[in-house]
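>>> What shape does this take:
(one chain, ligands or ions: 1)
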Amino acid sequence: MHDLPAIAGLDGVVAAETVLSEVDGTAGRLLIRGYRLEDIAGHHSFEWALGRLWEGFVDRPLDEASLRRDLGAARVVAFSELRPLLGLAAARSPMEALKLLVAGAPDEAENLPVQLTAVIAVGLCAATQMAAGADPVAPDPALGHAADLLRMLRGTPATPAEVAALETYLVSACDHGLNASTFTARVVASTRAGLASAVTAALCALKGPLHGGAPGPVLDMLDAIQANGSAEHWIEAALARGERLMGFGHRVYRVRDPRAEVLKRAVAHLERDAGRIAFAEAVETAALAALACHSPGRALQTNTEFYTALLLEALGVPREAFTGVFAVARVGGWVAHALEQVATGRLIRPQSRYIGPRLHVA
Ligand code: ACO
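Reported below is the predicted structural model:
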């Protein structure tokens, strides 16, 4: 055995230059195309954010109204094109089904940025409905992406307050520097494999519990703590077993993730279950205190997934679909980064340091 070199997780390594977003982990600041997250999440639609992300990379009308119309039409096309695959997807969890459905998108198709964005939303909703034993709900092209997503996902129309909350989430999650899934998208794009391939690979990277798979387990953790009765005891026992507290810690942020604050406000605006939010806040306080004792040298703070879980729960999204809803938002960033990589980057091909035997003599 050997100690992992500091390079093992590529900490601090700059692997791309981008005009898309900047994550300042010390100041707790996220800029998307030059806008502070707090100034756009809760103020603009997902289509608006997509337009800003894709400017300069996607050659098509990118104003909010055009994207809303074109995404609506693309959802209708996706719904009919995905139909033949739904039989195969039906026996899988929503995220496994989504992998299958997105992988079916050809790299050569026209208008791929809009199509892939539509396929992820429609595929997730169809898979979630089928996992619940229901028929997929057909898209309504007249609605905005967030409103139609909630409608197709739950089978019931969304209220304006629910749509506003989901828009806030989708904008807050649309891009975030060189996170694991975005890096994956850029690596695949750098081989010129194509946009659909880059997005499929990114989706697979997102699925893991250390990245986009965390919010479902955040709710599992809250449920377990509620059943146990004492946040302090449950958290201490979990840390003693070497487990990670879901929704805490981040590779880059050493202070509170700015998305956590934006999402916490959005949950509060929904005015759903004040008791649940108060309970979650108490767990957050206990978790931060325990993490400070347990890892004093490491500033572990609340990450975006903690309040994402509460927001999506309040919106009635089934927890198996949480990671998929993350993908609905992050596909905007994956597409932009993949196209930026092709336009400005080179083949990504780092090296490994060989530490095996020098020479075997037979
Ligand atoms: N709970 C308990 N301990 C933690 C946590 C946590 N959530 N996060 C980090 N630590 C500890 C580690 O055990 C480690 O301690 P050690 O050195 O004594 O072993 C130390 O902090 C450093 O951990 P690393 O794994 O090196 O930190 P890294 O930057 O690789 O991890 C990560 C970041 C994966 C997010 C981690 O904090 C984690 O596992 N969090 C829980 C899962 C989660 O919330 N994921 C969502 C992330 S946000 C997103 O992707 C959108």
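>>> Output the set of residues of the stretch 1-150 of the chain in proximity to the ligand.
residue 9 (CB under 6 Å from any ligand atom). Quick note: C-beta positions are derived from backbone N, CA and C, even for glycine.
>>> which sections of the stretch 1-150 of the chain are below the confidence cut-off?
Applying pLDDT under 70 to the stretch 1-150 of the chain flags residues 1-6.
>>> Just give me the neighbour total for the residue in it positioned nearest to the ligand.
Per CB to the nearest ligand atom, residue 9 is where the stretch 1-150 of the chain lies closest to the ligand, at 5.2 Å. If you count neighbours by other CB atoms under 10 Å, residue 9 ends up with 11.
>>> need the contact list for it.
Contacts of residue 9 were listed using CB atoms under 8 Å, 6 or more residues apart in numbering, and they are residue 251.
>>> For the chain, give the helix that spans the most residues.
Of all segments of type helix in the chain, defined using DSSP state H, the longest is helix 64-89.
>>> Check which helices and strands the next helix or strand along the chain from it sits against.
Under the assignment DSSP states H and E, the closest C-terminal helix or strand after helix 64-89 is helix 94-103. Helix 94-103 is packed against helix 64-89, helix 112-131, helix 195-206, helix 322-344, with contacts defined by 3 or more CB pairs under 8 Å, 6 or more residues apart in numbering; DSSP states H and E.
>>> Ok, which of those helices comes nearest residue 219?
Distance to residue 219, taken as CB to CB, is lowest for helix 322-344 among the helices and strands packed on helix 94-103, at 8.2 Å.
>>> could you check the angle helix 112-131 makes with that closest one?
160 degrees (axes from the mean of the first three to the mean of the last three CA atoms, to 10 degrees).
>>> can you give me how far helix 322-344 is from the chain middle?
9 Å (CA atoms, centre = their mean, to the nearest Å).
>>> do the same with stretch 78-90
The answer for stretch 78-90 is 23 Å, by CA atoms, centre = their mean.
>>> again, but for stretch 345-360
The answer for stretch 345-360 is 31 Å, by CA atoms, centre = their mean.
>>> how long is it from one end to the other?
39 Å (CA to CA, to the nearest Å).
>>> from now on call the first residue 20
Done: numbering now begins at 20, and the last item shifts to stretch 364-379.
>>> list the buried ones in it?
Of all the residues in stretch 364-379, those buried under the rule 16 or more other CB atoms under 10 Å are residue 364.
>>> same check, this time on stretch 48-58
So for stretch 48-58, counting by 16+ other CB under 10 Å, buried means 49-52, 54, 56-57.
>>> between those, which is closest to residue 257?
Once CB to CB is applied, the member of these that ends up nearest residue 257 is residue 49, at 28.7 Å.
>>> show me the contacts for the nearest residue to the closest one once chain neighbours are set aside.
Spatial nearest neighbour of residue 49, excluding adjacent residues (CB to CB, 6 or more residues apart in numbering): residue 56 at 4.3 Å. Neighbour list for residue 56: 48-50, 190-191, 277-278, 281 [criterion: CB under 8 Å, 6+ apart].
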